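# Sequence below, structure please.
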Amino acid sequence: MTRFTGRWPALAALVLLATPAAAMAAPESGECPEILAHTLPRLHSSGQLSLCDYAGRALLVVNTASYCGFTGQFAGLESLWQARQDDDLMVLGFPSNDFQQEDDDEAVTAEVCFINYGVSFPMLAPSAVARGQINPVFAELQRQGASAPRWNFHKYVVDRQGRLVAEFGSRTAPDDPALQAAIDEALSR
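Numbering: from 1, shown residues only. Modelled structure (predicted):
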């Protein structure tokens, strides 16, 4: 059961229906890269997301915040997701209050993502990404040599084998040619 209330049940169903069946299937190889070997809570939901379900796909991992000057990038991330999901790209959003720009109430965070920006790519529950007990995805990115996010909307491109390809700072927009080239590289591996 989800924790969605009021107008949220219909939205929860829409988000679950928008997840491609291929993303819900078990990986063919049976192997899950370390970066995906985790089950994490979904944003404003009692549901969990097994990241291993995305094994074999390229990833764009982004730390997000609701009150950041870069929050408008949600629109570009959603456009990117819509345009490239059939190419086997998975966008994963990780809200975080590491830079004091995320709401303490997950319902508000969910409203910003799902209602204000129409996000349909997977959003995880808020977690630490840069300091303290950082979540396991960001810990693995750093183990692979990535820098910790210096601000919200830091982007990491990961190939189909779970290896870091590139990272981009907050000022890099989702439609930036360098980011697009890194995504193409990740998809080709």
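# Name the SS class of residue 32, please.
Going by DSSP: H, G, I helix; E, B strand; the rest coil, the secondary structure assigned to residue 32 is coil.
# Who are the contact partners of it?
By Cβ atoms under 8 Å, 6 or more residues apart in numbering, residue 32 lies in contact with 52, 55. No exception for glycine: its C-beta is placed from N, CA and C like everyone else's.
# for this protein, what spans make up the strands?
With DSSP state E as the criterion, the chain has strands at 39-41, 48-50, 58-64, 89-95, 155-158, 164-168.
# Could you dump those into CSV and include mean pLDDT, mean neighbour count and distance to residue 132?
Putting those into CSV (pLDDT from 0 to 100; neighbours: other Cβ atoms under 10 Å; distance: least, Cβ to Cβ, whole Å) gives the following:
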stretch, mean pLDDT, mean neighbour count, distance to residue 132
strand 39-41, 97, 14, 16
strand 48-50, 97, 16, 22
strand 58-64, 98, 26, 13
strand 89-95, 98, 23, 14
strand 155-158, 98, 26, 19
strand 164-168, 98, 19, 20
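# need those strands in CSV with distance to residue 109, can you?
Below are the strands of the chain laid out as CSV (distance: least, Cβ to Cβ, whole Å):
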stretch, distance to residue 109
strand 39-41, 13
strand 48-50, 16
strand 58-64, 8
strand 89-95, 5
strand 155-158, 19
strand 164-168, 23
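# which secondary element of this structure has the worst mean pLDDT?
Sorting the helices and strands of the chain by mean pLDDT, DSSP states H and E puts helix 21-24 at the bottom, at a mean of 37.
# Tell me, how many residues neighbour residue 137?
When neighbours are defined as other Cβ atoms under 10 Å, residue 137 has 25 of them.
# Which residues are in contact with it?
Neighbours of residue 137 in contact, by Cβ under 8 Å, 6+ apart: 35, 38, 40, 51, 61, 92, 94.
# again, but for residue 62
Residue 62 neighbours (Cβ under 8 Å, 6+ apart): 77, 91, 92, 93, 94, 153, 154, 155, 156.
# Setting aside sequence neighbours, what's the nearest residue to residue 63?
residue 129 (4.3 Å; Cβ to Cβ, 6 or more residues apart in numbering).
# surely the one you found meets residue 149?
Yes - the criterion here is Cβ atoms under 8 Å, and residue 129 meets it with residue 149 at 5.4 Å.
# where do the contact lists of those two overlap?
63, 96, 98, 138.
# which of those has the most neighbours?
residue 63 (28 neighbours).
# wait, what's in contact with that residue?
Residue 63 is in contact with 94, 95, 96, 98, 129, 130, 138, 149, 152, 153, 154, counting by Cβ under 8 Å, 6+ apart.
# CSV for those, including distance to residue 187?
Shown next, in CSV, are the contacts of residue 63 (distance: Cβ to Cβ, whole Å):
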residue, distance to residue 187
94, 21
95, 26
96, 26
98, 29
129, 24
130, 27
138, 22
149, 23
152, 25
153, 21
154, 21
